[in-house]
Each structure stands twice: as C-alpha cells, then as structure tokens.
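Asker: give me coordinates for this.
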Amino acid sequence: MAGVRPARSGEAVSLTALCLRSKAHWGYDAAFMRLCVPSLIV
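Answerer: Numbers count the residues shown, from 1 in each chain. Down below sits the predicted model:
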C-alpha cells in the first residue's frame with residue numbers, strides 16, 4: 001500500500017512539473033494550460 005507524506009521544500013519544482021504534466025494529460029489546449037499555471041505551482 002502506498003503512503004502519503006507531506007512535501008519537502010526541495011521538491012517544489014518537481015511537484016509543480018508533475019502537476020502541470022498531470023493536468024496536460026487531459027488534452028487541454030496551450031492557452032488553457034497557461035491560465036492554469038498559477039494555480040498549479042507548488
């Protein structure tokens with residue numbers, strides 16, 4: 001079973017990239033993705 005732990009400060013860049021890739025997976029266009037960036041920054 002997978003565990004969940006709080007993020008560490010050094011992981012913010014990687015987690016932000018993961019959030020953006022995960023959102024983009026759904027096929028949103030580039031304009032919409034640009035609008036999403038501020039809310040997906042860790």
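
Asker: OK, contacts around the residue most central in space within the chain?
Answerer: The residue lying closest to the centre of the chain (C-alpha atoms, centre = their mean) is residue 19, at 1.2 Å. Neighbouring residues of residue 19 by C-beta atoms under 8 Å, 6 or more residues apart in numbering: 40-42. Every C-beta, even on glycine, is put in place using the N, C-alpha and C of the backbone.

Asker: pLDDT wise, what is it at?
Answerer: Looking at residue 19, its pLDDT reads 97.

Asker: if I look at it, how far off is residue 13?
Answerer: 11 Å (C-beta to C-beta, to the nearest Å).

Asker: tell me where the chain has helices.
Answerer: Remark: helices assigned in the chain by DSSP state H are 12-24, 30-40.

Asker: may I see the buried residues of the longest one?
Answerer: Judged by neighbour count (16 or more other C-beta atoms under 10 Å), helix 12-24 contains these buried residues: residue 19.

Asker: okay, the angle between it and helix 30-40?
Answerer: Relative orientation of helix 12-24 versus helix 30-40 (axes from the mean of the first three to the mean of the last three C-alpha atoms, to 10 degrees): 140 degrees.

Asker: need the CA coordinates for helix 12-24. CSV is fine.
Answerer: Provided in CSV are the C-alpha atoms of helix 12-24 (Å, rounded to 0.1, in the frame of the first residue of the first chain):
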residue,chain,number,x,y,z
ALA,A,12,8.5,22.1,-5.1
VAL,A,13,9.9,22.3,-8.6
SER,A,14,9.4,18.6,-9.3
LEU,A,15,5.9,18.6,-7.8
THR,A,16,5.0,21.6,-9.9
ALA,A,17,6.2,19.9,-13.0
LEU,A,18,4.2,16.8,-12.0
CYS,A,19,1.0,18.9,-11.5
LEU,A,20,1.4,20.5,-14.9
ARG,A,21,2.0,17.2,-16.7
SER,A,22,-0.9,15.7,-14.9
LYS,A,23,-3.3,18.5,-16.0
ALA,A,24,-1.9,18.4,-19.6
